[in-house]
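Visitor: Quick check, what structure comes out for this input:
(chains A, B, C and D)
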Number of protein chains: 2
Amino acid sequence: MKVAELAKSLGTTADTVRYYSRLGLLKPAKSVNGYKSYSNKEVSRLKFILSARNLGFSVVDIKEIINESEDGKSACPLVRSLIKERLEETEKQFQAMLALRGKMSSALSRWEEMEDKAPTANMVCHLIENFEQIKKT
Amino acid sequence: MKVAELAKSLGTTADTVRYYSRLGLLKPAKSVNGYKSYSNKEVSRLKFILSARNLGFSVVDIKEIINESEDGKSACPLVRSLIKERLEETEKQFQAMLALRGKMSSALSRWEEMEDKAPTANMVCHLIENFEQIKKT
DNA sequence: ACTTGACCTGTGTCTTAGACACAGGTCTAA
DNA sequence: TTAGACCTGTGTCTAAGACACAGGTCAAGT
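Guide: This is a model prediction of the structure:
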């Protein structure tokens, strides 16, 4: 199986497959013409990787998980602990985005009723520069 | 004013100031000893940059905004149009994070009641590999 | 056998917004 | 003047692939 075949069969891109191969998550054999050749085992491994990515694990996480399982150990405890960390991070980012979204949308609506101003020596754009101050009034 | 002074006075890091200088957003003079020297004008410019970053503009956006204003034009129309784009992007990412957060937290709670399993030839971790399927039942 | 063109490949570079490392310069107190 | 503390610019690194590109492969047509 060539790179593009594998990629298409699981709904991803050849670049992604190559990336995982570069990192050692997939270990294709070299066929005679120098192309990377993927076996059925690689197919299910890629399927696993994509599921894990979809759940928010990083590729480094996934590498660790695979390493653990290749040592014959159960990866489940590691998986539980990693998702706890990732979820906390996601929660933080989520809150940050929530706040940012609010700020942006309030800026957008407020700026629509404000006039244009030409720049001065110490002001690039009064919309931005006065945003926080106005908020306080 | 040296890099670290400027940075501290506005609550940011020297690396950030250097980064903006590298991109040409700030244009420090060279003092005799080779150090970058920032004037009062740079202070208010950095203040502007930080406000804009805080509102979700990218540094490239900010560069365009500054360019516009240095041509003597009002940057306000550009600013309005850019924030509209950025807000849309933020909204998309926000929805994606919302969905991800849900998936992760449901995985976390469900996995706590599931047993560990050793890996097999075609399974790295049953928690991950069975997650979507279980969901459908 | 040969050639054309379409498709495929691996490798290397690019992206964001800074953080970090590091070799060396500066400056103040002793 | 020397030690030590602090500061500097430059170069490299990050995540997760996307993209560019020179060259290889392969089936159809001649």
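
Visitor: For stretch A:5-16, measure first residue to last.
Guide: End-to-end distance for stretch A:5-16, by C-alpha to C-alpha, to the nearest Å: 12 Å.

Visitor: Spell out whether it and DNA strand D are in contact.
Guide: Yes. For stretch A:5-16, a contact with DNA strand D is found by C-beta under 7 Å from any atom of the strand, at A:T13, A:D15, A:T16. Placement of C-beta: from N, CA and C, glycine included.

Visitor: how is chain A carved up into domains?
Guide: Annotated domains of chain A cover A:1-56, A:74-137 [automatic domain parsing].

Visitor: mind checking how far the longest one is from the chain centre?
Guide: Taking the mean of its C-alpha atoms, domain A:74-137 sits 19 Å from the chain's own mean (C-alpha atoms, centre = their mean, to the nearest Å).

Visitor: Which of the residues of stretch A:5-16 next to DNA strand D sits closest to B:E129?
Guide: A:T16 (18.9 Å; C-beta to C-beta).

Visitor: Which helix or which strand is home to the closest one?
Guide: Using DSSP states H and E, A:T16 falls within helix A:14-23.

Visitor: what residues are up against the closest residue in space to A:S21 that isn't next to it in sequence?
Guide: The shortest distance from A:S21 to any non-neighbouring residue, by C-beta to C-beta, 6 or more residues apart in numbering or on different chains, is to A:P28 (5.8 Å). With contacts defined as C-beta atoms under 8 Å, 6 or more residues apart in numbering or on different chains, A:P28 is in contact with A:V3, A:S21, A:K36, A:S37, A:Y38, A:E42.

Visitor: Can I have the buried ones of those as a PyMOL selection?
Guide: Remark: buried members of the contacts of A:P28, expressed as a PyMOL selection using 16 or more other C-beta atoms under 10 Å in any protein chain shown:
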select buried, chain A and resi 3+21+36+38+42
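
Visitor: For the contacts of A:P28, give me CSV that also has distance to A:M104 and secondary structure.
Guide: Output for the contacts of A:P28, formatted as CSV (distance: C-beta to C-beta, whole Å; DSSP: H, G, I helix; E, B strand; the rest coil):
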residue, distance to A:M104, secondary structure
A:V3, 40, helix
A:S21, 39, helix
A:K36, 44, strand
A:S37, 48, strand
A:Y38, 44, coil
A:E42, 43, helix
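
Visitor: Relative to DNA strand C, which of the contacts of A:P28 is nearest.
Guide: Nearest to DNA strand C among the contacts of A:P28: A:K36, at 3.0 Å, using C-beta to the nearest atom of the strand.

Visitor: Am I right that A:G72 falls within a helix?
Guide: No. Counting by DSSP: H, G, I helix; E, B strand; the rest coil, one finds A:G72 to be coil, located in no helix.

Visitor: where do the strands sit along chain A?
Guide: Listed in chain order, the strands of chain A (DSSP state E) span A:29-30, A:36-37.

Visitor: Check which residues of the helix holding A:T16 are buried.
Guide: Buried, per 16+ other C-beta under 10 Å, within helix A:14-23: A:T16, A:V17, A:R18, A:Y20, A:S21.

Visitor: would JSON lines of those with pLDDT be doable?
Guide: As requested, the buried residues of helix A:14-23 are arranged in JSON lines below (pLDDT from 0 to 100):
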{"residue": "A:T16", "pLDDT": "96"}
{"residue": "A:V17", "pLDDT": "95"}
{"residue": "A:R18", "pLDDT": "94"}
{"residue": "A:Y20", "pLDDT": "95"}
{"residue": "A:S21", "pLDDT": "94"}
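
Visitor: ok, so of these, who is nearest A:R80?
Guide: Nearest to A:R80 among the buried residues of helix A:14-23: A:Y20, at 23.3 Å, using C-beta to C-beta.

Visitor: What separation do you get for that closest one and DNA strand D?
Guide: For A:Y20, the distance to DNA strand D under the criterion C-beta to the nearest atom of the strand, to the nearest Å works out to 7 Å.

Visitor: No further queries at this time; thank you.
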